[in-house]
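K.L.:
next one to model:
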Amino acid sequence: MSDLPRKAVTRTAKLAALPLGFAGRATWGLGKRIGGRSAEIVAREVQQRTAEQLFKVLGELKGGAMKFGQALSVFESALPEEVAGPYRAALTKLQESAPPMPVRTVHAVLEEQLGAEWRELFMEFEDKPSAAASIGQVHRAVWHDGRRVAVKVQYPGAGEALLSDLTQLSRFARLLGPLIPGMDIKPLITELRDRVSEELDYGLEAQAQREHAAEFAGDPDVMVPDVVHESDQVLVTEWMGGIPLADVITDGTAEQRDRAGQLLARFLFSGPARTGLLHADPHPGNFRLLPPEGMQGTQSPEGMPDIQDVSGAGSAGPEGVAEAGSAARWRLGVLDFGTVDRLPGGLPSTIGYSLRMAIDGEAAAVYELLCEEGFVKESIDLDPEAVLDYLLPIIEPLQVDEFTFSRGWMRAQAARIADPRSPAHQLGKQLNLPPSYLLIHRVTLSTIGVLCQLGATVRLRDELEAWMPGFLPEAEEEELPPAEAHA
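P.N.:
This next block holds a predicted model:
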């Protein structure tokens, strides 16, 4: 059996310990305040201790606990530096790895899914996993036709564990709120739970990945590995090397971080326009920076050349990130299409219209559109100018030709919305997020979180002008030559 602690008693006990620990720290904090410590200092100490316990427990569990941890990790830029700093390494580890399944369990799943002669499908198969995620782990292999492949094997009982964890986490979502100022945790957990069945279906994932691979085949900026074989609990895709985005964040040059950030924004906005699908799991573990063709890579620790199949380029390896040369021709590699939002017409044009009018200062028009789309409920009456004042700092990256994302900027936005004394906090509580926009909203916030981790300077407005319906005035859209739409 897997070492995934999926028995209800075991998993519930681990997760149930979290709110008890939170309550204990709150009592500890109250004592410190009575003893004369300032509320701000005590709050940060409690936050730091809470984060420590949360990440420790999430790191020990797979299933929904780890899925929640991965979703939460992209928002670490919003945490105060004294809290985020010590745990950045732990968050990165959550994005990239987890305790592996026993080899015998992996082999049992492969035999059940691929048949008793499953080894004949591979020229080579590495028992040691190269990566692990919330519902499965990835093994390097060589397919019988010589292609290097990634074999994703689903943890036995993953579905049960996901649902159990997320249900348990939702019960004390309110207590997790202080970890990410200004963010309501419960809708995040609810939305993750709603997506469980899709993520467990490797057939749906294979279909979404094939569509992306076909659309981006030969693309100079984005590479998606194609699907080789799929079954209910095993997914085989072409192997993709490159530099994990987490390594670019920690060790990349400014040019590499800028290139990765620009391409991440391009993929976010171009994907729905080109495929009708939105990649809905944008944490650093799902992206790679791929060097240009011909660049020599390093050997992996296991001795297998870390080769990116389509271009033939090798991985520079973490130790070679800063020495890998100009990043101008590097591409973004994209993995994991288990969670997607289906948008047949691309991103809603309402978003583009609202953003453009907000930049132009058309408060009344923005407010009217937000009311029509359900962002402002009929029972609520708000001042259009106040709504515009709330939005403008958030869309600052679109008001300039290029913008440098930073953890400081993200923290400032989070603090502005989280401060109960601020008008932004009071107004934000009265706005509504329609269900149809929930996943788009989360993906956008997550992507901005990753851009802030990268510290990337990005021409974000260029990407919206090229790909976001409604962002450009209709006259300007008609004047664009066809080639410019896919620049």
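
K.L.:
now for the host helix or strand of residue 440, which elements pack on it?
P.N.:
Secondary structure from DSSP states H and E places residue 440 in helix 435-454. With contacts taken as 3 or more CB pairs under 8 Å, 6 or more residues apart in numbering; DSSP states H and E, helix 435-454 sits against helix 185-194, helix 245-251, helix 254-275, strand 277-279, strand 340-342, helix 407-418. C-betas here are computed from N, CA, C, even on glycine.

K.L.:
nearest to residue 226, of the ones you listed?
P.N.:
helix 254-275 (14.1 Å; CB to CB).

K.L.:
now the angle from that closest one to helix 435-454?
P.N.:
Relative orientation of helix 254-275 and helix 435-454, computed by axes from the mean of the first three to the mean of the last three CA atoms, to 10 degrees: 160 degrees.

K.L.:
residue 277 contacts residue 342, correct?
P.N.:
Yes. With contact defined as CB atoms under 8 Å, residue 277 and residue 342 form a contacting pair (6.1 Å).

K.L.:
the more surrounded of these two?
P.N.:
Taking neighbours as other CB atoms under 10 Å, residue 277 and residue 342 compare with residue 277 leading, 21 against 13.

K.L.:
one step back: immediately after the helix holding residue 440, which helix or strand?
P.N.:
strand 457-458.

K.L.:
that following strand pairs with which strands, and in what direction?
P.N.:
strand 403-404 (antiparallel) (DSSP bridges).

K.L.:
contact partners of the partner strand?
P.N.:
396-397, 455-458, 460 (CB atoms under 8 Å, 6 or more residues apart in numbering).

K.L.:
output those as CSV; include the columns distance to residue 336 and pLDDT.
P.N.:
Listed next are those as CSV, based on distance: CB to CB, whole Å; pLDDT from 0 to 100:
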residue, distance to residue 336, pLDDT
396, 30, 96
397, 26, 96
455, 24, 96
456, 21, 98
457, 27, 98
458, 22, 98
460, 24, 97
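
K.L.:
from those residues, list just the buried residues.
P.N.:
Listed as buried from the contacts of strand 403-404 are 397, 455-458, 460; burial here means 16 or more other CB atoms under 10 Å.

K.L.:
can you redo those residues as TSV with distance to residue 349?
P.N.:
Listed next are the buried ones among the contacts of strand 403-404 as TSV, based on distance: CB to CB, whole Å:
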residue	distance to residue 349
397	20
455	31
456	27
457	28
458	23
460	18
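
K.L.:
nearest to residue 131, out of the helices and strands packed on helix 435-454?
P.N.:
Per CB to CB, nearest to residue 131 of the helices and strands packed on helix 435-454: helix 245-251, 11.2 Å.

K.L.:
for the closest one, what is the average pLDDT?
P.N.:
Mean pLDDT, computed over helix 245-251, is 93.

K.L.:
show me which of the contacts of strand 403-404 is closest to residue 125.
P.N.:
residue 456 (37.1 Å).

K.L.:
correct me if wrong: that closest one contacts residue 263.
P.N.:
No. Using CB under 8 Å, residue 456 is not in contact with residue 263; the gap is 9.8 Å.

K.L.:
related to what we said a few turns ago, dump the helices and strands packed on helix 435-454 to TSV, plus distance to residue 386.
P.N.:
Formatted as TSV, the helices and strands packed on helix 435-454 follow (distance: least, CB to CB, whole Å):
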stretch	distance to residue 386
helix 185-194	23
helix 245-251	36
helix 254-275	28
strand 277-279	30
strand 340-342	30
helix 407-418	14
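
K.L.:
which stretch in these is the model least sure about?
P.N.:
helix 185-194 (a mean of 67).
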